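1. sequence? don't have it. structure:
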C-alpha cells in the first residue's frame with residue numbers, strides 16, 4: 001500500500017515567483033539606465049572607476065536576465081511530461097547566475113590590484129555625484145528584494161544589488177578621500193574589499209543551488225532524526241528506502257517504505273495520514289510518499305510473504321536478496 005501526499009503550496013509559490021519576477025524586471029530596467037549613465041560618464045570624465053563599475057553592471061544585466069528567465073519558467077504550470085513543473089529552472093539559472101557573479105567578483109579583484117599598482121588621476125566630483133545617484137537606486141532595489149529570500153533567483157539579484165550598493169559606497173568614500181588627500185590608491189583598496197564580499201556571497205549561493213540540483217537532503221532536515229521519529233510510531237517496525245530532497249528552497253519531498261503491523265487498508269491509511277502530518281509539522285515537508293509493507297526487504301520490493309517463493313535466502317541473515325532465476329524461467333515457460 002502506498003500513497004503520495006501533496007500538501008500543495010503551488011499557488012503561493014507562483015505568487016512569490018510572480019512578485020520576484022516583477023521586482024527583478026524593474027531592477028533590470030533601472031540597472032540598464034545606470035549602466036548607460038556610468039559608461040558615458042566614465043568616458044567623459046576619464047574615470048576608470050566609473051568605467052569598471054559600468055562594465056560590472058553589464059555583467060549584472062546578463063545574470064539578472066538569467067534570473068528573470070528562471071523565475072518566469074518557474075511559474076509555468078505542470079504538464080503530464082513535466083509533472084514537477086519548471087521549478088528547477090529557477091535553481092539552474094540561480095546556479096549559473098552565481099557562477100557568473102563569482103567571475104565578476106574575481107574581475108573586480110584583478111582590476112583592483114591593477115588600479116592599486118597603477119593609480120590614475122580622476123575627477124572626484126563627477127565620480128561622487130554619478131555614484132550617489134546609483135547608490136539611491138541600489139538601496140531601494142536591495143530593500144525590495146530582501147523580502148524575497150525564499151526564491152534563489154531573487155536572492156541572487158539581491159546579492160547583485162547589494163554588491164552594487166557596496167561598490168558605490170566604496171567609490172563614494174574613495175572619491176571623498178581622493179578629493180581631500182589626492183590618494184588615488186584608496187579606490188582600488190575599497191573596490192577589492194567589495195570584490196571579496198561578492199565572491200564569498202555568490203559562491204555560497206551557488207553551493208546552495210548545487211545542493212538542490214544534486215538532490216541533497218535539505219540542510220535543516222537530518223535523515224537520522226526523521227528515521228528515529230518514524231520508528232517511534234507504535235505500528236512501525238522498520239524504516240527503509242528513506243529519501244529526502246528539495247525541488248526549491250521551500251518545497252521539500254520525502255519518500256519512504258515502512259514495515260508496519262497493521263493488516264487492514266483503513267489502518268494503513270491512518271498510518272499514512274499520521275506520517276504525513278508528522279513530517280509536515282516537524283520538518284515542513286509538504287510532499288510525502290509512503291509505501292506500507294508487512295515486512296521489509298532492504299534489497300528488493302518483496303514482503304515477507306513473497307520471500308519464500310521469490311528469494312533463496314532471507315536478507316536479514318545474508319544482507320542480500322537473491323532472485324530465483326530458475327523460478328522466473330519456469331514461470332516464463334509456463335506463461336508461454
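-> All right, it came through fine. Source: prediction; values computed, not measured.
2. When you work out contacts or count neighbours from here on, use the C-alpha atoms and nothing else.
-> OK.
3. avg pLDDT for the helix or strand hosting residue 24?
-> Using DSSP states H and E, residue 24 falls within helix 10-45. Summarised as a single mean, pLDDT over helix 10-45 is 71.
4. Stretch 67-87 too?
-> The model assigns stretch 67-87 a mean pLDDT of 75.
5. tell me which residues in that stretch are buried?
-> 67, 68, 69, 70, 71, 72, 73, 74, 75, 85, 86, 87 (16 or more other C-alpha atoms under 10 Å).
6. For the residue most central in space within the chain, which residues are in contact?
-> Geometric centre of the chain, nearest residue: residue 209, 3.5 Å, by C-alpha atoms, centre = their mean. By C-alpha atoms under 8 Å, 6 or more residues apart in numbering, the residues touching residue 209 are 91, 92, 94, 95, 152.
7. Of the buried residues of stretch 67-87, which is the nearest to residue 169?
-> In terms of C-alpha to C-alpha, no member of the buried residues of stretch 67-87 lies closer to residue 169 than residue 67, at 24.9 Å.
8. For that closest one, give its distance to residue 33.
-> From residue 67 over to residue 33 the distance is 19 Å, taken as C-alpha to C-alpha, to the nearest Å.
9. By residue count, which strand of the protein is the longest?
-> As assigned by DSSP state E, the longest strand anywhere in the chain is strand 236-248.
10. Output the contacting helices and strands for that strand.
-> The contact analysis (3 or more C-alpha pairs under 8 Å, 6 or more residues apart in numbering; DSSP states H and E) places strand 236-248 against helix 87-117, helix 185-213, helix 223-231, strand 251-260.
11. closest one to residue 136 among these?
-> Among the helices and strands packed on strand 236-248, the nearest to residue 136 by C-alpha to C-alpha is helix 185-213 (17.6 Å).
12. can you state the direction angle for the closest one and strand 236-248?
-> If you take axes from the mean of the first three to the mean of the last three C-alpha atoms, to 10 degrees, helix 185-213 sits at 140 degrees to strand 236-248.
13. out of the contacts of residue 209, who has the most neighbours?
-> Most neighbours among the contacts of residue 209, by other C-alpha atoms under 10 Å: residue 94, with 32 neighbours.
14. I'm done for today, thanks for sticking with me.
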